[in-house]
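Enquirer: Fold the following and give me the result.
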Amino acid sequence: MDYKISEIAHALGLLAEGNLDLRVSHASEPAVAGPDALAMATTPKYAEALMQGHARAAMLWDGADWEKLGLEAAIFAPRPRWALAGVSELFDPGYEFGEGIHPQAFIHPTAEIGPGAQIGPFTSIGARTRIGPGARIAPNVTVSEDVQLGSDAILHAGARIGARCRIGDRYIGQPNSVVGGCGFSFVTPEPSAAEDVRATLSGERLLRRQRWHRIQSLGAVQIGDDVELGANSSIDRGTIRDTRIGSGTKIDSVCQIGHNVQIGEDCMMCGMAGVAGSARIGNRVLLAGKVAVNDNIFIGDDVIVGGASRVYTNVPSGRAILGDPATKLETQLEIRKVLRRLPRLAAQLTELRDAVFGQNKHDNKAD
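Expert: Numbering: from 1, shown residues only. Take a look at the predicted model:
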């Protein structure tokens, strides 16, 4: 589908100039844009690349001289990434989910399928499960028994929803995402070696044979509205109470959320981050890539955790933290400045030592 420049600008609420009847069919990087593309040149650093391409229209930064850039039309974006979100929605071709229920899908006789739902082949819908109106379910998806899936949900190929999970409207489960797998909970008849080390903070312990016994996950998972779970990510069911994910939260690919975890609304969890069991996370918290959150701790509202940080203790609301162990951002930056100076400080210390020892040696000879 193609759009007039005026239609795109109107849809995004942005200012446009030039030939507003010019039509474009897709978005493109500036250097490779053809005459039918909308080049995304939203900052001045893309000006040179724009000249290399053949775009006639572009999304530009505020104040850009579009005529000098050789364009026929331009849309101006004060907030480029917000504009990109709108453009991506306009040009997104979406996915083919087929029409209705595929004859090779298995739907349990007691399951309820809402009007307008699309269900692909080799998908299984369990007993007493309710699928909301307008849901789109790709091939090879498993939705277990007693699940509630809200309206307009999307489950991509290979997604899995475990028994008794409750998921709100407009949920998106990317390929091979898993909601409601069993929690990683095991116990030994006597205190385990791990418990000994944790209690004493010492490697000295009695070595003995131990066998692990599973603690069954009696809880499930509750997910609010407008939540997205990335490819190959998983949310474990609770041990007794449900694991909960608040509305609006977005979880990237290859993330792990342990049993009993409580995550608030509008949080963001980036790739390869993990939250250990029974941790509680407030609203609007951002966990950058590879962040690890310890079990049984609390992170307050509006906290930002920088990439690859390790969070071992409670974090007050509104704080930005970084590092291993994670500390206030300002403290961590000072620590890193000192670390960069360590080689120089070590050399200076060596010089001081040699000077002191040399002076002592001279004094001894004089005596």
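
Enquirer: How far does stretch 194-214 sit from its chain's centre?
Expert: 34 Å (CA atoms, centre = their mean, to the nearest Å).

Enquirer: do stretch 1-8 as well
Expert: Distance, centroid of stretch 1-8 to centroid of chain: 31 Å (CA atoms, centre = their mean).

Enquirer: pLDDT of that stretch, averaged?
Expert: Averaging pLDDT along stretch 1-8 yields 96.

Enquirer: got the contact list for it?
Expert: With CB atoms under 8 Å, 6 or more residues apart in numbering as the test, stretch 1-8 has contacts from 11, 14, 16, 18-25, 36, 38, 57, 73, 75, 87, 90-91. C-beta: built from backbone N, CA, C; applies to glycine.

Enquirer: Give me the subset of the residues you listed that lies in strands.
Expert: Taking DSSP state E, the ones among those that sit in strands are Ala16, Gly18, Arg23, Val24, Leu38, Ala57, Ala73, Ile75.

Enquirer: For the residue nearest to Ala157 when sequence neighbours are not counted, list the residues it contacts.
Expert: Computed as CB to CB, 6 or more residues apart in numbering, the closest residue to Ala157 that is not its neighbour in sequence is Ala138, at 4.3 Å. With contacts defined as CB under 8 Å, 6+ apart, Ala138 is in contact with Tyr95, Phe97, Gly120, Thr123, Leu155, His156, Ala157, Gly158, Ala159.

Enquirer: And the buried ones among the residues you listed, selectable in PyMOL?
Expert: Burial among the contacts of Ala138 is assessed by 16 or more other CB atoms under 10 Å; the matching PyMOL selection reads:
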select buried, resi 97+120+123+155+156+157+158+159
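
Enquirer: Kindly indicate whether Glu67 is helix, strand or coil.
Expert: Going by DSSP: H, G, I helix; E, B strand; the rest coil, the secondary structure assigned to Glu67 is coil.

Enquirer: so how far is Thr110 from Gly173?
Expert: The gap separating Gly173 from Thr110 is 23 Å, by CB to CB, to the nearest Å.

Enquirer: More neighbours: those two, which one.
Expert: Gly173 (29 against 12; other CB atoms under 10 Å).

Enquirer: my read: that one touches Gly150, true?
Expert: No - if you go by CB atoms under 8 Å, Gly173 and Gly150 don't touch, sitting 11.9 Å apart.

Enquirer: buried stuff in the strand or helix carrying Ala83?
Expert: Here Ala83 sits within helix 80-91, counting by DSSP states H and E. With burial defined by 16+ other CB under 10 Å, the residues of helix 80-91 counted as buried are Pro80, Ala83, Leu84, Gly86, Val87, Leu90, Phe91.

Enquirer: With stretch 133-140 instead?
Expert: Here stretch 133-140 shows Gly134, Ala135, Arg136, Ile137, Ala138, Pro139, Asn140 as buried, counting by 16+ other CB under 10 Å.

Enquirer: and what of stretch 212-227?
Expert: Counting neighbours by 16+ other CB under 10 Å, stretch 212-227 gives Ser217, Gly219, Ala220, Val221, Gln222, Ile223, Gly224, Asp225, Asp226, Val227 as buried.

Enquirer: Looking at those, spot the one nearest Ala64.
Expert: When these are compared for distance to Ala64 (CB to CB), Asp226 wins out at 34.0 Å.

Enquirer: Distance from the chain centre to stretch 59-68, please.
Expert: 33 Å.

Enquirer: So which elements touch the top helix by length along the chain?
Expert: The residue-count maximum for a helix in the chain (DSSP state H) belongs to helix 329-366. Helix 329-366 sits against strand 320-322, with contacts defined as 3 or more CB pairs under 8 Å, 6 or more residues apart in numbering; DSSP states H and E.

Enquirer: If we use 10 Å, what do you get?
Expert: For helix 329-366, the packing partners by 3 or more CB pairs under 10 Å, 6 or more residues apart in numbering; DSSP states H and E come out as strand 320-322, strand 327-328.

Enquirer: among these, which is the most enclosed?
Expert: Most buried of the helices and strands packed on helix 329-366 by mean neighbour count (mean count of other CB atoms under 10 Å) is strand 320-322; its value is a mean of 20.

Enquirer: Mind checking the pLDDT average for that one?
Expert: 98.

Enquirer: Residues contacting it, please?
Expert: 286, 288, 291, 299, 302-309, 311, 315, 326-333, 335-336 (CB atoms under 10 Å, 6 or more residues apart in numbering).
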